[in-house]
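1. predicted model follows, preceded by the sequence.
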Amino acid sequence: MNISDIDPNSPITIGIMKDSYVSLNTSKLLREIDFQVYVSKSVTVYHDDNEHETDGKTGPFGWECGELEYGDSFIVNGSSDYSNDSYTTYPTPTQSVLQAWLREIHGIRVWVIPNPISSRPNDWVYNITMYEKGKLIVDLDEQGDFGLHFEEALEQGLQYGLNLINKHNG
């Protein structure tokens, strides 16, 4: 799979009634804020070409610039992250793990509801609140683009929550 083949804002759904993994853009935000949670999935983005003498660019030791590799191995940022000038590995938790982390660690609650001004059955928006020391400091209702599926609305809310951390800490 190549980076140009995906929408970096789309969550990666792993089947009906199963949890979705966060999008590439959300994974990049997680790396920026030093997300320190073990996750079992990752995505690696290659920044240059690497042609191996026997594998070429397509074998296990070769790759092309822009290539994405989804993997089953990512340990907490910093301790087992082997990113370098040739590639960057991003943590890829499920949306529910990230939602719980935002709530439990940062006091940011993100939830999704049916769009109250739409009659379409699959049209969702997100709500978000942020508490600091028991005091409500952010309260947004019915946010998101029109016509979102549940996972897309949740993804936008999760990204908004991560940006709140960046803004609050920066």
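-> That came through, no problem.
2. so A153 sits right up against I128, yeah?
-> No. The pair A153 and I128 does not pass the contact test of C-beta atoms under 8 Å, sitting 11.1 Å apart. Any C-beta I mention is one placed from the backbone N, CA and C, and that applies to glycine too.
3. where's the residue nearest the centre of the chain, which helix or strand?
-> With the centre of the chain defined as its mean C-alpha position, the nearest residue by C-alpha atoms, centre = their mean is T26, 2.8 Å away. Following DSSP states H and E, the helix or strand that holds T26 is helix 24-32.
4. could I get the buried residue list for that helix?
-> Judged by neighbour count using 16 or more other C-beta atoms under 10 Å, the buried positions of helix 24-32 are L24, N25, T26, S27, K28, L29, L30.
5. what distance separates the next helix or strand after it from the centre of its chain?
-> Scanning forward in sequence from helix 24-32, with DSSP H and E defining helices and strands, the next element found is strand 42-46. Strand 42-46 sits 12 Å away from the centroid of its parent chain (C-alpha atoms, centre = their mean, to the nearest Å).
6. then stretch 137-144?
-> Average the C-alpha atoms of stretch 137-144, do the same for its chain, and the two points are 20 Å apart (C-alpha atoms, centre = their mean).
7. tell me what R109 is bridged to.
-> For R109, the beta-bridge assignment (DSSP bridges) gives partners T129.
8. how about the CA coordinates for the longest strand anywhere in the chain, as PDB?
-> Selection of the longest strand in the chain by residue count, based on DSSP state E, yields strand 135-148. Output in PDB follows, covering the C-alpha atoms of strand 135-148 (Å, rounded to 0.1, in the frame of the first residue of the first chain):
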ATOM      1  CA  LYS A 135     -13.500  22.700  36.300                       C
ATOM      2  CA  LEU A 136     -15.100  22.600  32.800                       C
ATOM      3  CA  ILE A 137     -12.800  24.600  30.500                       C
ATOM      4  CA  VAL A 138     -14.100  23.300  27.000                       C
ATOM      5  CA  ASP A 139     -17.700  22.400  26.100                       C
ATOM      6  CA  LEU A 140     -18.500  21.900  22.400                       C
ATOM      7  CA  ASP A 141     -21.700  20.400  21.200                       C
ATOM      8  CA  GLU A 142     -22.600  18.900  17.800                       C
ATOM      9  CA  GLN A 143     -19.300  19.400  16.000                       C
ATOM     10  CA  GLY A 144     -18.000  17.800  12.800                       C
ATOM     11  CA  ASP A 145     -18.700  17.800   9.100                       C
ATOM     12  CA  PHE A 146     -22.100  17.100   7.800                       C
ATOM     13  CA  GLY A 147     -22.900  13.500   6.700                       C
ATOM     14  CA  LEU A 148     -20.200  11.700   8.800                       C
END
